[in-house]
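Novice: the amino acid sequence is not available; the structure is as follows:
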């Protein structure tokens, strides 16, 4: 959208305005500018003209920054253009008030977005294809033409694909993927070529495993303004003052509305400063505190029984002999394996739990059950309700016992439990922190238990926060259909399957979720899909990161067997996806909005183990980053102000927010769409020249290399440069927005979601998107009684999988933090930085200048610093059995003794000497995450896969040899 | 005396220290050469040394109506704009090179004690405090200027340095007790926050207030009984000036911060807020307790579901209500006035179709992997300086 009339148009209309407005006097002279060449400078009349001229521009375009701000995504900005360049940006500030009770969403934005106009022209920007000169990582580049670069990449791609297979080309899809125009190109490329995309959700530490275990999904979150209705907000596992800058005002304003904020964190972090009470806790022990609160809720009779009986698995019966749910199939011949049993107090007997709906329909489930039942073979077995088992489990977590584990006093625990049970609406801000602890799944389950026991789920102002994601749902249709005319036909093939499942009592959510899971099992005969695989397992197995955990059995992980056995079992049973398989090395890696050498825990291993296997490392980006430094080719991508696209957001800010091209791509930059289309064109051209036609994928699908471009572009319908057209098509194919046309949306910049997307990564929200009210996830379950997508069809605290049985995680429990990296006294914790979105601004000069230090630093407690003779600003060496790195020490009175903290995303090259903050984080696999072959513990889009754990890496530090004091 | 006074209230309970205000100001106003180190808007963690470092010990202002001697802060006190070696890292042919500020020999930056605060675990404490020029009713800078280059605008009391009159003597820097005046060596003049007068003149609130995602800043006339400023400062008396003892009658006011209670030796909460009241009194004077108590009482009312004008004001359900009469959209302001050309012969480095486009241009603009570095902190967008104006666009 362009508000600006061009400059000459402005000048013409200026004459009409003269005299009627207070206009700086120099403007008069501007009307006399010559028509050609560089215009003359207006005559100087006074110093104020200098400033007035600075606040002037040629046009304004509504746009945003489509990177992975995740919890903070996205904000609508006006981009101010002068002389063909973006010179500044300012928030649009035009979000309508949702209703008069709620604060509006304005203005959103943050300091990073506020200086992208500088960032995009700074020395990190790439404007033409670059090819490595000399060894990888040698820091020498030559400029090459697109033709040269793409020919070389295409020829290598054809060699690899023909000689070794279609699954040797890897798309390293970073968290910046848009599920919009950029992914439309990559998705179609992968769908057609069966090349592999890495699902990064677990690999970036966002698995939310305990949430998956409990709810059968991870993506559900409220709108940020819904927190305004809460009575009590727990900042527990999140630091929204850093990580939710655009919407943090809802929390501070909720306090003025009457809400209380309690912060639970090891350190007095920036969000704790906005609380009414800060409860310090030993890092990694939050599960013990949560269970102690549950203990008190049960002990004091504060359980919301109606909620628990209807919405959770607590009344369901579990066999004591097998540690599995009692099923109808256990009891009667021909009984169903998916029918769970409960004890009905009304009839005083066994009944099937409701299946198609959660509604109890006259049943009166007993919560406290321990009895004996007769199985179909006449065997008598003891069964107990989940609630009975839980109550027994909770006996281990009296406040007095819990205080030993978590360091919170019994009095404080009781106070907290009392606050939670004495108000109507409790919510939490728990982002993706807990799941970066090795036993974070148990912590999340324990926290969810608090919310379930007190019925604080699925109500306005009350709820357990899942993982936020909200995606327009037209992208899949664009990606999967041969042409736009064939959308109905393509998806029509799924109809019989969908109908059959719905008739059998499965929910729409379950079916959509399962369609997403098909991406991880390539070659299905029903519908041709792109291939995704577990990013974590890819880096662990093909990237060699698993070598770092060879001594994991000494780290007190609590495993019953050597770690490798679980992995082998999982892969052999096909429980978790890994493509290409173990014995087939990857050959080409194309990084798209990704920076794995910055991100992957233990990433130095990748250079050692993965890189030699790769014949081409191609990085697509608008800037050089840690991974780009080790690439063979860097292909210049147009940043967000130079392209038109749409992207996922989150329910926290439920507005689809677009980018619109404000200026042409700088130099030879192209959009992601443009690059992938150009690559496919070159592959097709080279295939034809080399007389290569069709190859088979390992699963037997035909991959037509000599028509790749034609097929990807829908027979030329969507070509390079057609980003706007693609975005429009995706928008029109989707069902989430009907009020505005694509052109109107571009004009406005944002549009509120109107309905729940029918899309695997977002459907978990399971709620309406009302125009005039806040968004409350899970209402379809809680209000409308639609079953949850778990094996028990309820919020599930008993996890019925053999790995969980083996590791004593059938029920929530507390496990003490392991000693990852060796027996060292300090725990390395972390968090997202205020100063960058991942690494995108991490080396930005202005952001570095405004941060505490312009290079990596670790926050350490005064006591730990003193004990090691380290002062503030000293350079320290941080080490454990795995590795070491150097950084500055920042001695903070807010850090808990025993805890260290390093905010993330420093680039490798920002560390002095070898090593970086990932060098001490081996991140061993957690066996429970290798589970599969289960209704809801299975790999799906952005969930159900292995994740990474760095929060409880054990370390120590000492003064670095060469003593340098920065200041 | 000006006829009216425009003023700002900053609610420190809502400030999250994100510095979007700092960046908003920086990208709009201080990108010319000589302005690299300038941050007319700063945010600092308190207790802390502030920006410039230790400004509270640098003197200036008035005592009993008498001007006090002051120290002129150096660029280092403010925090220099460091230069980084991106070019060397990306394209220098070295594998083991690290990115470094000023070759690793850098001084303190403007936010050096970010999140540091004071106290001891678990009773540490800190909060964020943004600062701009206070546009004082009794500006020490104005009195100190021998050139009479500093004036208060008649219509709204904005304090401006006339850069045509200013000869760079910098007595203003010494006199300002808040040390919010910078010196531009390139242009030979003192410069500071202009309260976004080109915006204010068009009914658009300041960049720092409009761009603040925390919704911290209220803007309006001090004497407007319908506006938020008068209500917060005069009616509810919850917004207080910083260091009023400096005697300049500042027109920026702060709602002092609440803080969670201290924790006793056993690990249980006390009744005592962790930010020492004495420290808040040091900053905001002896009405702090009263202001905090008013906020507490009104919050309790709100908790009970009762109406509270004060809470409604601070919540600001309609964002634009925070800006009194300055609610125009900046984009619409642009529609209302013609735009001076500002090319100065600067070549458009875009695309192959542009006759000016060349590798050289792109490299100069880009300073990227294949180009030369440009000075840190200087915008690729060419802004007129005063002299360039006078010389018809030639430097």
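Specialist: Looks like it arrived, so ask away. For clarity, every value in this text was computed on a predicted model and none was experimentally measured.
Novice: what's the domain layout of chain A?
Specialist: A:1-56, A:222-465, A:826-959 (automatic domain parsing).
Novice: which one of those lies closest to residue A:755?
Specialist: domain A:222-465 (14.3 Å; C-beta to C-beta). Backbone N, C-alpha and C define where each C-beta goes, glycine included.
Novice: now the domains of chain A as CSV including mean neighbour count?
Specialist: Formatted as CSV, the domains of chain A follow (neighbours: other C-beta atoms under 10 Å in any protein chain shown):
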stretch, mean neighbour count
domain A:1-56, 17
domain A:222-465, 21
domain A:826-959, 23
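Novice: kindly reformat those as CSV containing distance to residue A:809 and mean pLDDT.
Specialist: Listed next are these as CSV, based on distance: least, C-beta to C-beta, whole Å; pLDDT from 0 to 100:
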stretch, distance to residue A:809, mean pLDDT
domain A:1-56, 52, 47
domain A:222-465, 6, 98
domain A:826-959, 6, 97
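Novice: between those domains, which gets nearest to residue B:203?
Specialist: Here domain A:1-56 is closest among the domains of chain A (C-beta to C-beta), at 10.7 Å.
Novice: need the pLDDT of the residue nearest the centre of chain B.
Specialist: Geometric centre of chain B, nearest residue: residue B:41, 1.4 Å, by C-alpha atoms, centre = their mean. pLDDT for residue B:41: 98.
Novice: list the contacts of it.
Specialist: Residue B:41 makes contact with B:21, B:22, B:24, B:25, B:26, B:130, B:131, B:132, B:193, B:208, according to C-beta atoms under 8 Å, 6 or more residues apart in numbering or on different chains.
Novice: check the gap between it and residue B:180 for me.
Specialist: 9 Å (C-beta to C-beta, to the nearest Å).
Novice: excluding chain neighbours, what is closest to the residue in the stretch 401-550 of chain A that chain B sits nearest to?
Specialist: Of all residues in the stretch 401-550 of chain A, the one sitting closest to chain B is residue A:409 (4.2 Å; C-beta to the nearest C-beta). Once flanking residues are discounted, residue A:409 sits nearest to residue B:267: 4.2 Å by C-beta to C-beta, 6 or more residues apart in numbering or on different chains.
Novice: same deal with residue A:858?
Specialist: Per C-beta to C-beta, 6+ apart, closest to residue A:858 is residue A:902, 4.8 Å.
Novice: and the helix or strand that the one you found is a member of, what other elements does it pack with?
Specialist: Secondary structure assigned from DSSP states H and E places residue A:902 in strand A:899-903. On a contact count with 3 or more C-beta pairs under 8 Å, 6 or more residues apart in numbering or on different chains; DSSP states H and E, strand A:899-903 meets strand A:826-831, strand A:857-861.
Novice: still on that earlier bit, of all the domains of chain A, which one is nearest residue A:602?
Specialist: Per C-beta to C-beta, nearest to residue A:602 of the domains of chain A: domain A:826-959, 5.5 Å.
Novice: chain center to that closest one, what's the gap?
Specialist: Mean C-alpha position of domain A:826-959 versus that of the full chain (C-alpha atoms, centre = their mean, to the nearest Å) differs by 18 Å.
Novice: now do the same end-to-end measure for it.
Specialist: 15 Å (C-alpha to C-alpha, to the nearest Å).
Novice: just to revisit the earlier point, for the residue nearest to residue A:858, list the residues it contacts.
Specialist: Here residue A:902 is in contact with A:828, A:829, A:830, A:856, A:857, A:858, A:859, A:887, A:917 (C-beta under 8 Å, 6+ apart).
Novice: leaving out sequence neighbours, find the closest residue to the last one.
Specialist: So that's residue A:917. residue A:902 (5.4 Å).
Novice: host element of residue A:738?
Specialist: Using DSSP H and E, no helix or strand contains residue A:738.
Novice: what's the neighbour count on it?
Specialist: Close neighbours of residue A:738, defined as other C-beta atoms under 10 Å in any protein chain shown, add up to 10.
Novice: next one: it from residue A:771, what distance?
Specialist: 12 Å.
Novice: overlap of the contact sets of those two?
Specialist: residue A:754.
Novice: mind giving me CSV with the contacts of residue B:41 and columns for secondary structure, pLDDT and distance to chain A?
Specialist: As requested, those are arranged in CSV below (DSSP: H, G, I helix; E, B strand; the rest coil; pLDDT from 0 to 100; distance: C-beta to the nearest C-beta, whole Å):
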residue, secondary structure, pLDDT, distance to chain A
B:21, helix, 98, 8
B:22, helix, 98, 6
B:24, helix, 98, 6
B:25, helix, 98, 10
B:26, helix, 97, 7
B:130, strand, 98, 12
B:131, strand, 98, 14
B:132, coil, 98, 15
B:193, coil, 98, 11
B:208, helix, 98, 11
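Novice: now the end-to-end length of stretch B:93-101.
Specialist: Termini of stretch B:93-101 sit 19 Å apart (C-alpha to C-alpha).
Novice: thought residue A:402 was touching the residue of the stretch 401-550 of chain A closest to chain B, still the case?
Specialist: No. Contact between residue A:409 and residue A:402 fails when scored by C-beta atoms under 8 Å: they sit 9.9 Å apart.
Novice: what touches both of those two?
Specialist: Common neighbours of residue A:409 and residue A:402 (C-beta under 8 Å, 6+ apart) do not exist.
Novice: which non-adjacent residue is nearest residue A:520?
Specialist: residue A:577 (4.1 Å).
Novice: so that neighbour sits against residue A:941, correct?
Specialist: No. Using C-beta under 8 Å, residue A:577 is not in contact with residue A:941, being 11.7 Å away.
Novice: overlap in contacts of the two?
Specialist: Common neighbours of residue A:577 and residue A:941 (C-beta under 8 Å, 6+ apart) are residue A:532.
Novice: tell me which helix or strand of chain B sits lowest on mean pLDDT?
Specialist: One helix or strand of chain B scores below all others by mean pLDDT, DSSP states H and E: helix B:359-366, with a mean of 44.
Novice: for chain A, what's the nearest residue on the stretch 151-300 of chain B?
Specialist: Taking C-beta to the nearest C-beta, the stretch 151-300 of chain B has residue B:163 as its residue nearest chain A, at 3.7 Å.
Novice: for chain A, which strand is longest?
Specialist: Ordering each strand of chain A by length in residues (DSSP state E) puts strand A:884-892 first.
Novice: so which elements touch that strand?
Specialist: Partner elements for strand A:884-892 (3+ C-beta pairs under 8 Å, 6+ apart): strand A:857-861, helix A:862-867, strand A:875-879.
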